[in-house]
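Engineer: Could you look at this predicted model? Sequence included:
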Amino acid sequence: MVKAIAVSIVLVCLLSAGAFAGILQRQTMDIGLGDSIILEAGPNARATTGQTGLIVNLQGADNAYGTVALQGQGVLLGQAGRASGVCGGLSLVQTIDGGGLPIGTQAQRISDCCGPSRESQTLGFAAGQTLAKTSPAPGRVSGTQGIAAAQGQYATSSFMTMGEGALVLGTQSASITGGVGLVGTTMYADVSQSQLVTN
């Protein structure tokens, strides 16, 4: 009886190594914002801009073997700018995006039985703004950008439990008042996590 059970367990593990038994999940999120103000000339010129973007991704799965896998990610972006002057000569350019890549990716491969389980996630962004005042006349240009991004993963089976999380918060502001000037600000983040559990 004991030999028959041992042979069955080995056979199940060999079969599951060739044909994966478990949960596979993957998700990606991407968003970007960009705006600009250009006041070249004119008496009492004014402009205001602002925008916000939000993404939330959630996934969950379970099966009859008691394996559970959950993952979620979200990002909130915002930027605002303002320019006003007597004679113009004011400009503002703002961008926030994934820096050429998706802002967030997540993947899970959770095994039910005799196989490795993996989780991985990446989170990154790039933000920049350039402010210029080319006229010595009275005036002001200002800009603010902010980002809040979070990711989390959790998985459990009869053989293991694993989880990971990341949180990124950032904000930047700049302004020019009075004389001629040029200001540039940048911020970026790049977070990468991965886990491997072998049975």
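Structural biologist: Great, that's in hand.
Engineer: could you point out which element follows the least confident helix or strand in the chain by mean pLDDT?
Structural biologist: Lowest on mean pLDDT, DSSP states H and E among the helices and strands of the chain sits helix 2-18, with a mean of 43. Next along the chain after helix 2-18, taking DSSP states H and E as the criterion, comes strand 22-29.
Engineer: Tell me the gap between that next one and the middle of its chain.
Structural biologist: Strand 22-29 sits 16 Å away from the centroid of its parent chain (CA atoms, centre = their mean, to the nearest Å).
Engineer: For it, which outside residues touch it?
Structural biologist: Strand 22-29 has contacts (CB atoms under 8 Å, 6 or more residues apart in numbering) with 55, 57, 59, 61-63, 67, 69, 71, 73-75, 102-113, 115, 117, 155, 157. C-betas here are computed from N, CA, C, even on glycine.
Engineer: Which members of those residues occur in strands, if any?
Structural biologist: 55, 57, 59, 61-62, 69, 71, 73-75, 104-111, 117, 155 (DSSP state E).
Engineer: among those residues, which ones are buried?
Structural biologist: The neighbour count (16 or more other CB atoms under 10 Å) marks 59, 61, 69, 71, 73-75, 104-111, 117, 155 as buried among those.
Engineer: Next one: residue 33 from residue 76, what distance?
Structural biologist: 11 Å (CB to CB, to the nearest Å).
Engineer: Next, show the common contact partners of those two.
Structural biologist: Joint contacts of residue 33 and residue 76 (CB under 8 Å, 6+ apart) are 52-53.
Engineer: which residues of the protein score low on pLDDT?
Structural biologist: 1-20, 199 (pLDDT under 70).
Engineer: same thing but 50
Structural biologist: The chain contains residues with pLDDT under 50 at 1-2, 4-18.
Engineer: Residue 158 and residue 63 touch, don't they?
Structural biologist: No - using CB atoms under 8 Å, residue 158 is not in contact with residue 63, being 11.4 Å away.
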